[in-house]
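Peer 1: Predicted model follows, preceded by the sequence.
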Amino acid sequence: MLEDLNIVNGELTPEFDIYNNIYSVSIAGYVDKLVIDYKVTDGYVVNIIDNHDLVPGENEVYIQVIKDDEINTYTLLVNKESSEEVINYDYLLEPLEVGEELPEYVAPLIGGICFFIILCTFLLLFKRKKKYKKPN
């Protein structure tokens, strides 16, 4: 006899009751197989059927509890959420198209102007002032 039933990677409803044989289970879209934790009375054997490759939507997983000629079957109605794409391609920007290319002299010109500005700043900051002697 099945004494306790828990779905580790899903939500079992209603809570386990030894007199109820049908349950609903909700699982996330990335789950492919239920992780089932159960406890049975000594001497009983458990056989789990159709607990692999779960698809989005409705699935059925069966738990058979067997002892001698006695078989008790529990049905789990598994609802797997559909997994959505992580990237929504509708919101991606189109590649920027450049209308015309810059002339070859632009990059060296910008570099020369930057060098000149740095040189002037350096000279202004570190220029030595002449010391004048006062006439007597």
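Peer 2: Great, that's in hand.
Peer 1: May I see the buried residues of the host helix or strand of S26?
Peer 2: According to DSSP states H and E, S26 maps onto strand 22-27. Buried residues in strand 22-27, counted by 16 or more other Cβ atoms under 10 Å: Y23, V25, I27. Placement of C-beta: from N, CA and C, glycine included.
Peer 1: mean confidence for that strand?
Peer 2: Taken as a whole, strand 22-27 carries a mean pLDDT of 96.
Peer 1: Okay, now the sheet partners of that strand, with direction.
Peer 2: Strand 22-27 pairs in its sheet with strand 11-13 (antiparallel), strand 70-80 (parallel), by DSSP bridges.
Peer 1: so which of these is the most packed in?
Peer 2: strand 70-80 (a mean of 16; mean count of other Cβ atoms under 10 Å).
Peer 1: Go ahead and name everything in contact with the helix or strand of the chain with the lowest mean pLDDT.
Peer 2: Least confident helix or strand of the chain, by mean pLDDT, DSSP states H and E, is helix 106-126 with a mean of 93. Applying Cβ atoms under 8 Å, 6 or more residues apart in numbering, helix 106-126 turns out to have no external contacts.
Peer 1: hmm, back to that, will you turn the buried residues of strand 22-27 into TSV that also has distance to L102?
Peer 2: Shown next, in TSV, are these (distance: Cβ to Cβ, whole Å):
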residue	distance to L102
Y23	68
V25	62
I27	56
